[in-house]
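1. Prediction below, plus the sequence it came from.
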Amino acid sequence: MIGWAASLTTLLALSAVSACDTPTVEARALWLDQEHVGGERTVHIYSRGEFETMTLRPSSDLQDAERESLVLELGPRGRGALLMAADPRSLRVTGANAFQIAYLDLDERRALSIQVPLGLRAPAPVFSARGDAVTWIDPCARELAILPTTAGLQTTGAGGALEPWTTALGEGSLSCFPRWGSASATDAPVIFTGDASYAGELGNVLVPTPGGEVRAFRYAEGPEDSRLAVELGRGALLSDVTGVRPSGCAETVGCLGLVDPDGSALSVIGDPDDPCRIQRWSWVAQEGEDGEEPAPEPTSCVWTGSGEVIAAISGRHYVVLRDSEVVRVDWTTGEEVALPLLGGSAPWSWHLDREGRTVIMVSRGGPMLRIASDQVELVNIVQTPCFFGQTPVVAPSGRWAAWACLDGFGGETTGDGSVQIGSVIRVSVAGLERYDGVPMWALSIDDEGELLLYSRADSSLNDLVQPATSPRNLYVLGSDRELSRVSTLEPDPELSRDANGLLRWMVSTAL
């Protein structure tokens with residue numbers, strides 16, 4: 001077994017630092033520091049105003065632990081984090097049949113070990129959309145693995161590693177060619193799997209296979225559940241509809257389709273050239289007629305309209321982008337409610353609230369909208385210049401958003417063209433705030449409008465649209481408009497990777 005393990009004794013002996021008069025953000029942020037003593041790596045944790053550290057210990061199989069690039073992935077709701085080697089394929093030279101990753105339970109202050117199969121093609125462990133389970137599909141064994149992370153559910157095997165629930169999706173493959181994708185619900189313990197294949201024009205991503213089998217699984221939420229996971233049902237996609245990757249999905253896995261927030265149905269998006277744009281399959285049994293046994297309805301085409309389908313926010317409603325408007329579609333009645341996307345040429349981004357039941361549209365120029373199944377809401381219409389900026393961070397409720405602008409509005413540029421001044425924008429139902437000063441980068445914003453952000457040495461970006469230089473100081477911009485430094489970030493942070501291999505200095509989410 002090869003990989004990384006977190007030091008449990010270190011995690012339990014954390015030194016927490018907080019001050020009563022320092023503003024706090026209901027958020028967590030994690031980062032690695034640049035100092036590697038004996039190959040060990042230190043993880044720093046900001047959690048509701050407290051700072052903690054923990055140590056990663058490399059296994060003896062790693063040849064050059066100090067130079068190993070690491071994945072540091074924080075779960076969607078901040079309960080836990082995954083730490084692993086960025087490229088486990090490079091570890092196959094040892095001949096091991098598994099590699100070790102660490103799960104950090106940040107709520108329960110535990111560090112746990114997970115063994116992931118290491119075949120010709122290693123699985124990619126990811127969090128469920130709700131953040132309370134780790135899952136992967138082994139392309140060699142063709143098995144789905146689900147590991148609920150709630151305390152009191154796990155069992156351990158040899159060596160103390162957690163044992164996931166597994167089930168076969170098909171026959172094993174010597175070539176280890178992936179042929180299954182997955183998707184999960186944002187507000188229910190439900191995971192879907194389905195036949196999938198590589199889309200040549202999109203590269204290393206999986207798209208649903210026409211006519212392919214789909215399955216639904218429920219995983220345990222608490223100790224009262226008698227099993228780690230159970231299968232809920234099976235179905236098949238329409239054979240004459242070409243499935244595509246859902247818009248805005250940045251993951252290499254977990255993008256089979258859109259899942260209703262309550263986990264009752266999977267919706268596969270059709271190609272724009274196909275007559276069916278949304279096909280829908282539900283595992284939920286429907287009452288039969290004349291004493292017939294209840295059975296799930298077969299997959300059906302539920303919408304044939306035009307536009308870019310971005311989210312399923314209820315059992316009846318989808319959200320679609322069309323030209324210069326965002327549209328809420330009720331597939332059961334055909335009703336459409338549209339809002340225009342104002343704000344000039346500034347780009348828009350879309351986000352989901354914590355439960356996945358509301359789409360938040362944010363323009364980097366300031367306007368902000370909320371689209372829920374029971375209402376559409378114009379949060380802010382005030383505009384401000386922001387020609388180059390980061391993707392906004394949004395509060396769990398979707399009623400606050402913030403981002404950094406990097407165009408140096410109101411400032412001077414140096415001889416090499418870099419900008420000496422940056423701007424932070426925060427919007428809510430109370431309006432728009434703009435702060436010009438030292439270049440910043442927004443990390444998380446909570447439901448009270450408290451914003452966690454860090455300062456930077458310059459305003460340039462690297463090729464991955466991340467700050468080009470290491471963060472300098474960690475700040476909180478309070479809802480009272482006071483800016484407070486909460487950490488000098490020493491030693492300097494170093495880059496880590498997300499589950500898709502993209503570099504970033506810190507990972508953060510509101511709690």
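-> The structure has been received and is ready for your questions. Numbering: from 1, shown residues only.

2. switch to C-alpha atoms for all contacts and neighbour counts from now on
-> Will do.

3. From the chain's centre, how far out is stretch 238-254? Work that out for me.
-> 17 Å (Cα atoms, centre = their mean, to the nearest Å).

4. What lies in contact with it?
-> 124, 126, 181-184, 204-212, 255-258, 268-271, 274, 276, 279, 299-300, 308-310, 499-500 (Cα atoms under 8 Å, 6 or more residues apart in numbering).

5. please redo it, this time with the cut-off set to 7 Å
-> Contact with stretch 238-254 is made by 181-183, 205, 207-211, 255-257, 268-271, 274, 276, 299, 309-310, 500, as judged by Cα atoms under 7 Å, 6 or more residues apart in numbering.

6. So which of these belong to helices?
-> Judged by DSSP state H, helices contain none of the contacts of stretch 238-254.

7. From those residues, list just the buried residues.
-> 181-183, 205, 207-211, 255-257, 268-270, 276, 299, 309-310 (16 or more other Cα atoms under 10 Å).

8. now residue 34: how far from residue 86?
-> 17 Å (Cα to Cα, to the nearest Å).

9. An error on my part: the question was meant for residue 219.
-> Distance, residue 219 to residue 86, by Cα to Cα: 27 Å.

10. Phi, psi for the residue nearest the centre of the chain please.
-> Central residue check for the chain by Cα atoms, centre = their mean: the C-alpha nearest the mean position is that of residue 76, 5.4 Å away. Dihedral pair for residue 76: phi -50, psi -30, per degrees, to the nearest 10.

11. Now it. Nearest residue, chain neighbours left out?
-> Excluding its sequence neighbours, the residue lying closest to residue 76 (Cα to Cα, 6 or more residues apart in numbering) is residue 131, at 5.0 Å.

12. my guess is the one you found meets residue 81, correct?
-> No. Counting by Cα atoms under 7 Å, residue 81 is not a contact partner of residue 131; they are 9.3 Å apart.

13. so what sits against both of these two?
-> Joint contacts of residue 131 and residue 81 (Cα under 7 Å, 6+ apart) are residue 75.

14. those helices in the chain, which residues are they?
-> 8-12.

15. Tell me which of residue 34 and residue 86 has more neighbours.
-> residue 86 (18 against 15; other Cα atoms under 10 Å).

16. residues touching the more buried one, list them.
-> The contact partners of residue 86, taken as Cα under 7 Å, 6+ apart, are 69, 70, 71, 497.

17. The second one - how many residues pack around it?
-> Using other Cα under 10 Å, the number of residues around residue 70 comes to 22.

18. hang on, the earlier thing: what separates the residue nearest to residue 76 from residue 188, distance-wise?
-> 10 Å.

19. now the chain, which segments are flagged as low pLDDT?
-> 1-21, 58-67, 87-96, 157-159, 199-204, 248, 250-253, 287-295, 407-420, 459-465 (pLDDT under 70).

20. Settle this for me: residue 310 is touching residue 320, isn't it.
-> Yes. At 5.8 Å, residue 310 and residue 320 qualify as touching, with contact defined as Cα under 7 Å.

21. The closest residue to residue 511 other than its chain neighbours bridge partners, please.
-> Distances taken as Cα to Cα, 6+ apart put residue 27 closest to residue 511, at 4.8 Å, once the chain neighbours are dropped. On the basis of DSSP bridges, residue 27 is bridged to residue 510.

22. what residues are up against residue 27?
-> Per Cα under 7 Å, 6+ apart, neighbours of residue 27: 47, 48, 444, 446, 509, 510, 511.

23. Residue 499 too?
-> Taking Cα under 7 Å, 6+ apart, one finds 71, 73 in contact with residue 499.

24. burial of the closest residue to residue 323 other than its chain neighbours, as a residue count?
-> Nearest residue to residue 323, sequence neighbours excluded (Cα to Cα, 6+ apart): residue 307, at 7.7 Å. When neighbours are counted by other Cα under 10 Å, residue 307 registers 16.

25. Tell me who's in contact with the nearest residue to residue 120 once chain neighbours are set aside.
-> Once flanking residues are discounted, residue 120 sits nearest to residue 176: 6.3 Å by Cα to Cα, 6+ apart. Neighbour list for residue 176: 120, 121, 139, 140 [criterion: Cα under 7 Å, 6+ apart].

26. In JSON lines: those residues, plus neighbour count.
-> Putting the contacts of residue 176 into JSON lines (neighbours: other Cα atoms under 10 Å) gives the following:
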{"residue": "120", "neighbour count": "15"}
{"residue": "121", "neighbour count": "17"}
{"residue": "139", "neighbour count": "26"}
{"residue": "140", "neighbour count": "21"}
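
27. Name the member of those residues with the shortest distance to residue 490.
-> residue 121 (37.7 Å; Cα to Cα).

28. ok, the residue nearest to that closest one when sequence neighbours are not counted to residue 119 distance?
-> Distances taken as Cα to Cα, 6+ apart place residue 176 nearest to residue 121, at 6.0 Å, with adjacent residues excluded. Residue 176 sits 8 Å away from residue 119, going by Cα to Cα.

29. shared neighbours of those two, which are they?
-> residue 140.

30. could you pull out the strands for the stretch 301-450 of the chain?
-> Here the stretch 301-450 of the chain has its strands, by DSSP state E, counting those that start in this stretch, at 308-312, 317-322, 325-330, 336-340, 348-352, 358-363, 368-372, 376-380, 393-394, 400-405, 422-428, 431-437, 440-445.

31. Just send those back as TSV, with distance to residue 107 too.
-> Output for those, formatted as TSV (distance: least, Cα to Cα, whole Å):
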stretch	distance to residue 107
strand 308-312	29
strand 317-322	33
strand 325-330	36
strand 336-340	39
strand 348-352	23
strand 358-363	26
strand 368-372	30
strand 376-380	32
strand 393-394	22
strand 400-405	25
strand 422-428	29
strand 431-437	33
strand 440-445	18
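
32. Show me the one of these that comes nearest residue 111.
-> strand 440-445 (24.1 Å).

33. Remind me what that closest one packs against, helices and strands.
-> Packed against strand 440-445 by the contact rule (3 or more Cα pairs under 7 Å, 6 or more residues apart in numbering; DSSP states H and E) you find strand 393-394, strand 400-405, strand 451-455, strand 507-510.
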